[in-house]
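A.B. asks: Need coordinates for the following:
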Amino acid sequence: MSEVKIFRIYGYMLIGTSTAPEWRKFVKEIRALKLSDALEKLYSELGSKHKVKRANIKILKVEEISPEQALDKYVKELSQLTKMVVE
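C.D. replies: A predicted model of the protein is given here:
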């Protein structure tokens, strides 16, 4: 079984393409098994929450971080789980 990694992704997204488009900076932490899965999750989340097309998302830097370095509280809590009960 593969280990889940945490990726911190830095980039820009184009918001408001109609009258006054603006490039906004983002930093997002995502848990995934591999980098390609993390990028797919990023595109999916930004597209659904901000209605940004994939062509309007520019990735600057991606780094793999340890669970202790995570700033997102949900990512940090998920990485600290030792077991999960499903009924």
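
A.B. asks: From now on I want contacts and neighbour counts done on CA atoms only, so please keep to that.
C.D. replies: Noted.

A.B. asks: What are the boundaries of the helices in the protein?
C.D. replies: Remark: helices assigned in the chain by DSSP state H are 35-50, 73-80.

A.B. asks: which regions of this protein sit below the pLDDT cut-off?
C.D. replies: By pLDDT under 70, the low-scoring segments of the chain are 1, 17.

A.B. asks: Please report how far residue 42 lies from residue 8.
C.D. replies: Applying Cα to Cα, to the nearest Å, the value for residue 42 to residue 8 is 10 Å.

A.B. asks: hang on, residue 24 packs against residue 12?
C.D. replies: Yes. Under the criterion of Cα atoms under 8 Å, residue 24 makes contact with residue 12 at 5.3 Å.

A.B. asks: So which of those two has more stuff around it?
C.D. replies: Per other Cα atoms under 10 Å, whichever of residue 24 and residue 12 has more neighbours is residue 12, with 16 against 11.

A.B. asks: Once you drop chain neighbours, what's closest to that one?
C.D. replies: Closest residue in space to residue 12, ignoring its immediate chain neighbours: residue 25 at 4.4 Å, by Cα to Cα, 6 or more residues apart in numbering.
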